[in-house]
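Peer 1: Kindly return the folded structure for what I paste below:
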Amino acid sequence: MVLWTIQSKEVYEKLQNDRIYTCDENKSSLLEYKEFQKAYEWLTKKMEQKIGHSNVKYPMWAWYSSDGKHKKPDLRLSGYGERGEELVCLEIEIPDEKVVLSDFDLWHFVLGDMYLFDEDEELEDFEEASKEKKEASWDKIFVDKDRTLENRYIQATFFELRAENVKKVQFFKAR
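Peer 2: Now for the predicted structure:
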């Protein structure tokens, strides 16, 4: 599966030296937030159910589709890092069975610890949802490769990146 991951130059250099890279929780700015740690831990458990156990605590992230198309994200847009930060977009290829795809917009329900309701549910259904029901509703974020392009932005998670997975490298500055 072809994916695109945006990383710091430091991560790319570490990948070149060590030949393998996994998420460094001490360098992930989003993991500074306790609520996000819970969401990432839930995702890691789901990934282990779908693609197998790993000794990695948090996944790596990449894009499968942007704006409804299986293509590299538009690096001219903002939001990839701090303005002026030197970044690298890696086009990578990871075996399908080692990747979990999810809807970027729906992922925010997990991050926000909110019930992911269906359109036909009443307000009371999700306001009163138990923790188990709420977490079960989050399974709706997952998509499969065959039905991803009906969604605008599909993200990919995987446990490790190997140097041999990298097919193209593009350096750029965050806007």
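
Peer 1: which residue is nearest the centroid of this protein?
Peer 2: residue 61 (3.8 Å; CA atoms, centre = their mean).

Peer 1: Make sure that residue is actually in contact with residue 159.
Peer 2: No: here residue 61 does not reach residue 159: they are 11.3 Å apart, not a contact under CB atoms under 8 Å. To be clear about C-beta, it is placed using only N, CA and C from the backbone, and glycine gets the same treatment.

Peer 1: Surely residue 89 forms part of a strand?
Peer 2: Yes: per DSSP: H, G, I helix; E, B strand; the rest coil, residue 89 lies within a strand segment.

Peer 1: Return the residues in contact with it.
Peer 2: By CB atoms under 8 Å, 6 or more residues apart in numbering, the contact set of residue 89 is 4-6, 72-73, 75, 169-170, 172.

Peer 1: what residue ranges in the protein score low on pLDDT?
Peer 2: 28-33, 122-128, 147-151 (pLDDT under 70).

Peer 1: The longest helix seen in it: how far from the chain's middle?
Peer 2: Among the segments of the chain that qualify as a helix by DSSP state H, the longest is helix 34-51. Offset of helix 34-51 from its chain centre (CA atoms, centre = their mean, to the nearest Å): 11 Å.

Peer 1: cool, and stretch 94-114?
Peer 2: Distance of stretch 94-114 from the chain centroid (CA atoms, centre = their mean) equals 6 Å.

Peer 1: got the buried residues for it?
Peer 2: Buried residues in stretch 94-114, defined by neighbour count with 16 or more other CB atoms under 10 Å: 94, 98-104, 106-107, 109-110.

Peer 1: so which of those comes closest to residue 56?
Peer 2: For the buried residues of stretch 94-114, the residue nearest residue 56 by CB to CB is residue 98; the value is 11.7 Å.

Peer 1: quick one on the thing from earlier: list the helices and strands the helix or strand harbouring the residue nearest to the centre of the chain packs on?
Peer 2: Counting by DSSP states H and E, the element that carries residue 61 is strand 60-65. In terms of contacts (3 or more CB pairs under 8 Å, 6 or more residues apart in numbering; DSSP states H and E), strand 60-65 is packed against strand 2-8, strand 154-158.
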